[in-house]
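Chemist: below: sequence and its predicted model.
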Amino acid sequence: MAYLICDIWDKRPQVCKDYPTRNSYTPESCGYYFNAEGRKGSCYMDCQASCCSLPRQGGEPGGAPLPEIAGGEPCKHLVDSDVIPEGAHEDKDEL
């Protein structure tokens with residue numbers, strides 16, 4: 001099975017570490033949720049990087065949301081992989 005993974009996971013920008021916030025659009029497949037204590041959960045493989053696939057200006061992780069028809073692209077750091085790198089989608093950071 002092929003997975004979409006982030007090829008810069010260990011050195012991803014802060015905007016990726018902070019996503020999602022309470023005001024972020026969060027796809028149904030996202031592994032994060034919010035409760036009274038703040039953000040909980042993690043980025044998990046079943047998500048298939050759906051938030052990273054949302055079209056953004058220039059395919060930049062921090063790029064402004066931009067519809068595909070207007071030139072928006074999925075994150076340029078997504079790659080197909082048959083192997084899940086250790087820790088590639090484990091995010092212990094919580095807000």
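Modeler: Yes, it's here. What you see is a predicted model; the values in this text were computed from it and never measured.

Chemist: note down every partner strand of the worst-scoring helix or strand of the chain on mean pLDDT and its orientation.
Modeler: For the chain, counting by mean pLDDT, DSSP states H and E, strand 3-6 ranks last in confidence among helices and strands (a mean of 85). Sheet pairing of strand 3-6 (DSSP bridges) gives strand 78-81 (antiparallel).

Chemist: so for the strand it pairs with, mean pLDDT?
Modeler: Averaging pLDDT along strand 78-81 yields 88.

Chemist: in it, which residues are buried?
Modeler: residue 78 (16 or more other CB atoms under 10 Å). Just so you know, the C-beta spots here come from the backbone N, C-alpha and C atoms, and that holds for glycine as well.

Chemist: where exactly do the strands run in this protein?
Modeler: Counting by DSSP state E, the chain has these strands, from start to end: 3-6, 32-35, 38-41, 78-81.

Chemist: same list (those) but as TSV, adding distance to residue 67.
Modeler: Formatted as TSV, the strands of the chain follow (distance: least, CB to CB, whole Å):
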stretch	distance to residue 67
strand 3-6	20
strand 32-35	24
strand 38-41	27
strand 78-81	18
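
Chemist: out of those strands, indicate the one that is most buried.
Modeler: Of all those, strand 3-6 carries the top mean neighbour count, a mean of 19, counting by mean count of other CB atoms under 10 Å.
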